[in-house]
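Q: let me see the structure of the following:
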Amino acid sequence: MDYFKGPREEDARESSAAIQVGVKAGSDAEEARWTFYLTVFFRVVALWWIVEGLAQWRRILAPAGGSFVEYSAGSIAATTFFAVLDLVAAVGLWLIAPWGGVVWLLTLMAQFFVATIKPTFFFGGGGIRWLDGLLLAVYLFLSWRANVASGEFGTLDRLFDKALGLLRSPKGNERSM
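A: Got it, this is the predicted structure:
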């Protein structure tokens, strides 16, 4: 037996396969693409949530008119809530941590609620609800597409796919998965 021979040709091909750089083919490429889109979305939203959180801290540290303690109890509670949780959500989203998405959805729903009952609380007035709705819709779409591409189908994924399949192809020419 000759232990000093070089690696066999098949072994060299197998070991170099892990080192290849570039886009994967097939369903792996589809999964990577939608995961990338979701990651970019999370990072952009994280930057926006940092801006919103810092705006709330500005209200606390340098209020426009008077002192922060002169605000109503509801405004103090909401400002403190968003000052802390907006930044926590931003960090979690930037890290793509599962808890970041949960905290972000919590603050998103709270922001929608507060903007509904007091439209002047946030910069942009009641229009922030439209932005929140758009962000939620984009998040649901991107996470649905990432789940479909990875082969993880839940009940909602099947429902969305069936509904969009009917919208895309009324003649029954649905794409195969």
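
Q: centroid-nearest residue for this protein?
A: Centroid check for the chain by C-alpha atoms, centre = their mean gives Phe42 as the closest residue, at 3.7 Å.

Q: now that residue: how far from Val69?
A: Separation of Phe42 from Val69 (C-beta to C-beta, to the nearest Å) stands at 35 Å. Bear in mind the C-beta positions are built from the backbone N, C-alpha and C, glycine included.

Q: ditto for Thr155
A: Distance from Thr155 to Val69, by C-beta to C-beta: 49 Å.

Q: now find how far off-centre the host helix or strand of the residue nearest to the centre of the chain is within its chain.
A: Assigned by DSSP states H and E, Phe42 belongs to helix 27-61. The chain centroid and the centroid of helix 27-61 are separated by 6 Å under C-alpha atoms, centre = their mean, to the nearest Å.

Q: got it, and stretch 90-97?
A: Here stretch 90-97 shows a centroid-to-chain-centroid distance of 9 Å under the convention C-alpha atoms, centre = their mean.

Q: likewise for stretch 139-156?
A: The chain centre lies 13 Å from the centre of stretch 139-156; the measure is C-alpha atoms, centre = their mean.

Q: mind listing what's buried along that stretch?
A: 139, 141-149 (16 or more other C-beta atoms under 10 Å).

Q: show the contacting residues for Leu136.
A: If you count contacts by C-beta atoms under 8 Å, 6 or more residues apart in numbering, Leu136 has them with 105, 108.

Q: just to revisit the earlier point, helix or strand next in line after the helix holding Phe42, which one?
A: helix 73-94.

Q: thought Gly125 was touching Pro119?
A: Yes - assessed by C-beta atoms under 8 Å, Gly125 is found in contact with Pro119 at 4.9 Å.

Q: for Leu106, see how far away Pro119 is.
A: 21 Å.

Q: nope, Ser67 is what I meant
A: Distance of Ser67 to Leu106, given as C-beta to C-beta: 29 Å.

Q: try Glu31
A: In this structure, Glu31 and Leu106 are 28 Å apart, going by C-beta to C-beta.

Q: could you do Thr79 as well?
A: Taking C-beta to C-beta, one finds Thr79 at 16 Å from Leu106.

Q: those two: which has the busier surroundings?
A: Neighbours per residue (other C-beta atoms under 10 Å) separate Thr79 from Leu106, with Thr79 holding more: 21 against 14.

Q: show me what contacts that one?
A: Thr79 neighbours (C-beta under 8 Å, 6+ apart): 56, 59-60, 68, 71.

Q: tell me, how many residues neighbour Val114?
A: 20.

Q: ok, it - contacts?
A: Shown in contact with Val114 (C-beta under 8 Å, 6+ apart): 78, 82, 121-122.
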